[in-house]
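1. Sequence and predicted structure, then a few things I'm wondering about:
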Amino acid sequence: MRQIFYLVQKEFRQIFRDFSMVRILFVVPLIQIFVLGNAITTDVKNIKIVFHDQDKTPYSREFINRFVHSRYFKITGFEEDYTRLSSYLDSGKANLAIVIPRHFQRDIVLQKKPDIQLLVDGVDGNSAGVSLGYITDIVQQYQERLIEYSPDLSLQVKNIRRVEMEPRFWFNPNLESKLYIVPGIIALILLIITLFLTSMGIVREKEIGTLEQLMVTPIKSYQLVIGKIIPFSILGILEIMISMGFVYLIFGIGVKGSLLLLLFESSIFIISTLGLGIFISTISDTQQQALFVAWFFMIFAILLSGFFIPIANMPPVIQHITRLNPLRYYIVILREIYLKGTSFKDLIPETVAMVTFGLCLFFAAVMRFRKKLG
């Protein structure tokens, strides 16, 4: 234990002696949370829309007003020439165009079905699909208002019994994407910091020559690995506490579940990523090589974590590969504790997976490490 204690002391002195390392640990993550938390969103807003109203009746104007008062759409113009609508989409002045046909009001009063044409820019398929969902909702609300309040419609239509759905969204009633995104950003930052810093740990010892000094000391391989992991584990816990405080101040997002449980799960995740970083350090000869290998693993970890793309949407083979990714489990844990207040018994599968991953990497790092140069 004494050898490990002295190694931990040495690591802390080495970390805080380099002011750039302190900035990386504490300043950079705060900037990333602020910028990425506001930039990354799944909400589709400010959809640019242009109208071509051939009817120009009270009914058509009321229909257009539904879009004017919507927070998702931004009216960019009212075009009189139908042939010019394509130029709006080609130039990017509009994301979609809506054509209201002639006799729109007359067809509604006569209980006919008026056809509304939508011209949609489909380059961004996700945004286009979400936009169509918004429009469908607006049309449905417009129809319900006509049936309930229009004196021109017959009583037979008014008295139709309709099935009405009243959705209730638990845990995120306003469907704010930041509540889903920000906890994931905390996990990404923790992965990046711990993986990059530890992956260069033993390699740095080689390059500056201190590994030779460690060779002549009575220190075993596992003691050296533990001595490298403990300081960054403490700094990782400190960093996540600062990040959670910063997230609360900036976004107003607090932890609904147990804070102790979140710190416990974070400790397991940190050990997993530190074990991976130490393992990378043992198979690398230079800091540049360690940085490249760490970046290679990090790209796969982020893309296969479910942060950007739901794992259920991936091919079955890739879904099985994601089981080797500790970030996948940690993001689930963070969101469950942050948004739902989930208890430990419901997080046992993810916890066991992270513990298994961390132990395997730790033993792999010990086995790979040889107390010698090169």
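-> Perfect, thanks for sending it.
2. alpha carbons only for contacts and neighbour counts from here, please
-> Noted.
3. how far away is D115 from V99?
-> 9 Å (CA to CA, to the nearest Å).
4. do the same with S91
-> 18 Å.
5. Also R368?
-> Taking CA to CA, one finds R368 at 67 Å from V99.
6. For these two, indicate the residue with more neighbours.
-> Per other CA atoms under 10 Å, whichever of R368 and V99 has more neighbours is V99, with 19 against 16.
7. Assumed S86 was part of a helix.
-> Yes - S86 sits within a helix when classified using DSSP: H, G, I helix; E, B strand; the rest coil.
8. and it, what pLDDT?
-> The pLDDT attached to S86 in the predicted structure is 87.
9. who's in contact with it?
-> Contacts for S86 (CA atoms under 8 Å, 6 or more residues apart in numbering) come out as none.
10. any low-confidence regions in this structure?
-> Scanning the chain for pLDDT under 70 picks out 18-21, 148-169, 174-175, 211-212, 214-216, 221, 369-374.
11. how's it carved up into domains?
-> Annotated domains of the chain cover 2-41+176-368, 47-158 [automatic domain parsing].
12. how about those domains in TSV, adding distance to W170?
-> Formatted as TSV, these follow (distance: least, CA to CA, whole Å):
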stretch	distance to W170
domain 2-41+176-368	9
domain 47-158	20
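13. Among those domains, show me which one is buried the most.
-> Across the domains of the chain, the average number of neighbours (mean count of other CA atoms under 10 Å) peaks for domain 2-41+176-368, which reaches a mean of 18.
14. Could you give the separation of that one from the chain centroid?
-> 16 Å (CA atoms, centre = their mean, to the nearest Å).
15. Look up the closest residue to L191, ignoring the ones flanking it.
-> T273 (6.5 Å; CA to CA, 6 or more residues apart in numbering).
16. helix/strand/coil for that neighbour?
-> Assignment for T273 (three-state DSSP): helix.
17. I'd say it and L197 touch.
-> No - with contact defined as CA atoms under 8 Å, T273 does not reach L197; the gap is 10.4 Å.
18. Mind jotting down where the strands sit in this structure?
-> 47-53, 73-78, 96-100, 117-120 (DSSP state E).
19. could you redo the ones you listed as TSV and give each row distance to Q319?
-> As requested, the strands of the chain are exported to TSV (distance: least, CA to CA, whole Å):
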stretch	distance to Q319
strand 47-53	33
strand 73-78	36
strand 96-100	35
strand 117-120	33
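20. Out of those, flag the one nearest M241.
-> Ranking the strands of the chain by proximity to M241 (CA to CA) places strand 47-53 first, at 37.2 Å.
21. Give me the contacts around the closest one.
-> So strand 47-53 is in contact with 60, 72-82, 85, 88, 93-101, 131, going by CA under 8 Å, 6+ apart.
22. OK, contacts around Y248?
-> Contacts of Y248 by CA under 8 Å, 6+ apart are G254.
23. How far away from the center of its chain is stretch 33-42?
-> 9 Å.
24. which residues touch T198?
-> Taking CA under 8 Å, 6+ apart, one finds K228, I229, F232, L274, G277, I278, S281 in contact with T198.
25. can we see that at 6 Å?
-> T198 makes contact with G277, I278 under the criterion CA atoms under 6 Å, 6 or more residues apart in numbering.
26. ok, so what distance separates it from L36?
-> For T198, the distance to L36 - CA to CA - is 24 Å.
27. what does R17 give?
-> Relative to L36, and taking CA to CA, R17 is found at 29 Å.
28. same check, this time on L118
-> 33 Å.
29. try G77
-> 32 Å.
30. Repeat that for G122.
-> From G122 to L36 the distance is 26 Å (CA to CA).
31. cool, I250 as well?
-> I250 is 12 Å from L36, by CA to CA.
32. And I348, by the same measure?
-> In terms of CA to CA, I348 sits 30 Å off from L36.
33. L30 too?
-> Distance from L30 to L36, by CA to CA: 10 Å.
34. likewise L260?
-> L260 is 26 Å from L36, by CA to CA.
35. distance of Q319 from I309?
-> Taking CA to CA, one finds Q319 at 11 Å from I309.
36. So H69 versus N46, what's the distance?
-> 12 Å.
37. now S127
-> 11 Å.
38. what's the answer for G341, then?
-> For G341, the distance to N46 - CA to CA - is 33 Å.
39. Then L262?
-> Taking CA to CA, one finds L262 at 36 Å from N46.
40. do M200 as well
-> On the measure of CA to CA, M200 and N46 end up 44 Å apart.
41. Then F344?
-> 40 Å.
42. Also F196?
-> 38 Å.
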